[in-house]
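Student: can't give you the sequence, but here's the structure:
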């Protein structure tokens, strides 16, 4: 291998080594982009979510306990699941309010996933159990009503996926921008070094 090949290889390897200051700036900007501080209105919406979770916990938990013994087990299970869902919302919203920020990638996906799982589990239980009802029309009504909530949960899930994809794209563009700035700085520095040698 001649000397010119060696220096070319060394230059390529040098450009691969990330500049620490650029890397820190990039990571800081990504963090600012993903981790959003809660403003007054956003805080209020999460307090609303906390209250809604408390309402679900109390309502569904109470109904699961006080329904008569003749009440079908799958109905009691759905009410207990609703209470558990309410508790999960309380924990999740309380955690977001406590830290004062929301991670637009993870937290939104977690909330959408939680809603989706709840609706799918309830839907499966209703689908399997609605055939055992004496009045088939009630079973059909339950399934149609559930379809509305399933569509809502799917919309939340799709929206969370779109937002996460948008953030991933913005993150990648930012990485390219910093990489280009870093490469430009190294290329501009090369002619100066060669002038000094001459």
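Tutor: Okay, I see it. Nothing here was measured: the structure is a model prediction, and the numbers come from that model.
Student: show me the shaky parts of the chain.
Tutor: Within the chain, the set of residues satisfying pLDDT under 70 comprises 1-20, 22, 189-198.
Student: OK, contacts around residue 111?
Tutor: Contacts for residue 111 were tallied using CB atoms under 8 Å, 6 or more residues apart in numbering; they are 92, 156, 160. Bear in mind the C-beta positions are built from the backbone N, C-alpha and C, glycine included.
Student: which of those residues lies closest to residue 140?
Tutor: Relative to residue 140, the closest of the contacts of residue 111 is residue 156; by CB to CB it sits at 25.4 Å.
Student: count the neighbours of the closest one for me.
Tutor: Residues lying near residue 156 (other CB atoms under 10 Å) number 18.
Student: give the closest residue to it in space, chain neighbours not counted.
Tutor: residue 112 (4.5 Å; CB to CB, 6 or more residues apart in numbering).
Student: hmm, back to that, can you redo the contacts of residue 111 as JSON lines with secondary structure and distance to residue 185?
Tutor: Written out in JSON lines, the entries for the contacts of residue 111 read as follows (DSSP: H, G, I helix; E, B strand; the rest coil; distance: CB to CB, whole Å):
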{"residue": "92", "secondary structure": "helix", "distance to residue 185": "43"}
{"residue": "156", "secondary structure": "helix", "distance to residue 185": "43"}
{"residue": "160", "secondary structure": "helix", "distance to residue 185": "38"}
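Student: now those residues in a markdown table, with distance to residue 128?
Tutor: Output for these, formatted as a markdown table (distance: CB to CB, whole Å):
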| residue | distance to residue 128 |
| --- | --- |
| 92 | 28 |
| 156 | 24 |
| 160 | 28 |
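Student: isn't residue 156 up against residue 118?
Tutor: No. The criterion here is CB atoms under 8 Å, and residue 156 misses it with residue 118 at 11.2 Å.
Student: how much space between residue 111 and residue 52?
Tutor: According to CB to CB, to the nearest Å, residue 111 and residue 52 sit 12 Å apart.
Student: so what sits against both of those two?
Tutor: Common contact partners of residue 111 and residue 52 (CB under 8 Å, 6+ apart): none.
Student: buried set for the host helix or strand of residue 124?
Tutor: For residue 124, the host element (DSSP states H and E) is helix 106-129. For helix 106-129, the neighbour count (16 or more other CB atoms under 10 Å) marks 107-109, 111-112, 114-116, 118-119, 122-123, 125-126, 129 as buried.
Student: now swap in stretch 149-167 and tell me
Tutor: Neighbour count says stretch 149-167 has 150, 153, 156, 157, 160, 164, 167 buried, by 16+ other CB under 10 Å.
Student: using TSV, lay out these together with distance to residue 24.
Tutor: TSV is the format used below for the buried residues of stretch 149-167 (distance: CB to CB, whole Å):
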residue	distance to residue 24
150	45
153	40
156	35
157	35
160	29
164	24
167	20
